[in-house]
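**Q** take a look and give me a structure for this.
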Amino acid sequence: LIEMGIGAVLTGNKDGICRGASALVSTANKTAHQTLLATRVATELSFNKGSSAQPYPSSLMGSIALIKQTYHDATWYTQQQTEQNLSLEAFNKLSKLPTLFDAGNKQNVLRAATIGKEFGVKYMIKTNGDEYQRITEIKQLEMPLIVPINFPKAYKVTDAFDADLISTADLKHWELAPANLYWLWKNNVAFCITAQGCNSTEFLTNLRKAVSYGLPKTEALKALTQTPAQLINKYNVVGQLAVGAEANFIICTGDLFEPSTQLVTHVVQGQQYNISKQPEWKLASSY
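**A** Below you'll find the model as predicted:
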């Protein structure tokens, strides 16, 4: 993450439907109590029951029903005084935090947003990068998106028989996926970018590809810094260079979004990491 230029992450348990609270953590090479910037920053939902051995839910419909029933039960619980339920108490406490919904594909993004609107919750919805295919409906959601840039790899089509097995839809998505962020920006959809699914080489390469497909550089930078920090109410801690915020910044050989530019130094919580083969930079100790 340091090599990718990422100084802080929102991290939590990626397992189950109601995933509990997540924390804001620095990527600095320090002790745990120094890198833990904030606890109980957000909560997370999904349609996937993960490693649960329970038979229910066994389908997407069941997951939707379970989430909706839990919201109804949690509302009922606040209106009665005779029964104690630790799970519903925990759910109600977490509901006061910003809520991230790990939805996935474009259809599930719409399904998650429908649940949010029914119960008056404005989710941050994590997608899988195909929102441009339903941009009219996505625009009407008025919910911020968390968008990955792990674009599909090029298909091997040198053999005619192999090429025949690849659908036109998959080929079109391979071609158009890098333009997804441009279409979100063009339609005034609020979004931030996640590095999830990319390794240290792919992340910056794909970020630059998204810019080459039309996403303005200023919007790309905002989606990596200011927007995610504001969505979790931690803009006073990360996402900007300001008095009182963490000393997180990068030094490059040029424009970050140009292919030839290298990341030279990454400063995280005031600690310097040299991450390229460029001559070592000496920074003043006053930052």
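**Q** CA atoms of the strand or helix carrying residue 228 as CSV?
**A** Residue 228 is part of helix 226-231 when elements are defined by DSSP states H and E. In CSV, the C-alpha atoms belonging to helix 226-231 read as follows (Å, rounded to 0.1, in the frame of the first residue of the first chain):
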residue,chain,number,x,y,z
GLN,A,226,-11.0,14.3,-0.1
THR,A,227,-14.1,12.4,-1.0
PRO,A,228,-13.5,9.1,0.9
ALA,A,229,-12.3,11.1,4.0
GLN,A,230,-15.5,13.2,3.9
LEU,A,231,-17.8,10.2,3.5
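**Q** after it, next one along is what?
**A** Once helix 226-231 ends, the next helix or strand along the chain (criterion: DSSP H and E) is strand 249-252.
**Q** all helices for the protein, in order.
**A** Counting by DSSP state H, one finds helices in the chain at the ranges 32-35, 60-78, 86-94, 106-118, 135-141, 160-164, 168-176, 180-186, 200-212, 217-224, 226-231.
**Q** and the ones you listed, which is most packed in?
**A** helix 180-186 (a mean of 21; mean count of other Cβ atoms under 10 Å). Any C-beta I mention is one placed from the backbone N, CA and C, and that applies to glycine too.
**Q** for that one, the averaged confidence score.
**A** In this model, helix 180-186 has an average pLDDT of 98.
**Q** residues making contact with that helix?
**A** With Cβ atoms under 8 Å, 6 or more residues apart in numbering as the test, helix 180-186 has contacts from 129-132, 135, 138, 145, 147, 149, 191, 193, 210, 213-216, 219-220, 223.
**Q** try stretch 56-66
**A** 17, 47-49, 108, 111, 115.
**Q** show the average pLDDT along it.
**A** The model assigns stretch 56-66 a mean pLDDT of 97.
**Q** can you check stretch 206-216 too?
**A** 97.
**Q** tell me how far residue 65 lies from residue 71.
**A** Counting by Cβ to Cβ, to the nearest Å, the gap from residue 65 to residue 71 is 11 Å.
**Q** scratch that, residue 212 is what I was asking about
**A** For residue 212, the distance to residue 71 - Cβ to Cβ - is 42 Å.
**Q** got it, and residue 222?
**A** On the measure of Cβ to Cβ, residue 222 and residue 71 end up 32 Å apart.
**Q** next: residue 184.
**A** 28 Å.
**Q** for the chain, give me the ranges with low pLDDT.
**A** 277-287 (pLDDT under 70).
**Q** list the buried residues in the biggest strand by length in it.
**A** Secondary structure of the chain per DSSP state E: the longest strand is strand 36-46. Within strand 36-46, the residues that qualify as buried by neighbour count (16 or more other Cβ atoms under 10 Å) are 37-38, 41-46.
**Q** show the contacting residues for the nearest residue to residue 73 once chain neighbours are set aside.
**A** In space, and not counting its chain neighbours, residue 73 is closest to residue 88: 5.9 Å by Cβ to Cβ, 6 or more residues apart in numbering. Contact analysis of residue 88 by Cβ under 8 Å, 6+ apart lists 70, 73-74, 77.
**Q** give me the number of residues near residue 216?
**A** By other Cβ atoms under 10 Å, the residues close to residue 216 number 13.
**Q** about what we covered before: distance to residue 273 added to the helices of the chain, as JSON lines?
**A** Converted to JSON lines, those look like this (distance: least, Cβ to Cβ, whole Å):
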{"stretch": "helix 32-35", "distance to residue 273": "14"}
{"stretch": "helix 60-78", "distance to residue 273": "41"}
{"stretch": "helix 86-94", "distance to residue 273": "34"}
{"stretch": "helix 106-118", "distance to residue 273": "36"}
{"stretch": "helix 135-141", "distance to residue 273": "37"}
{"stretch": "helix 160-164", "distance to residue 273": "43"}
{"stretch": "helix 168-176", "distance to residue 273": "34"}
{"stretch": "helix 180-186", "distance to residue 273": "27"}
{"stretch": "helix 200-212", "distance to residue 273": "13"}
{"stretch": "helix 217-224", "distance to residue 273": "18"}
{"stretch": "helix 226-231", "distance to residue 273": "21"}
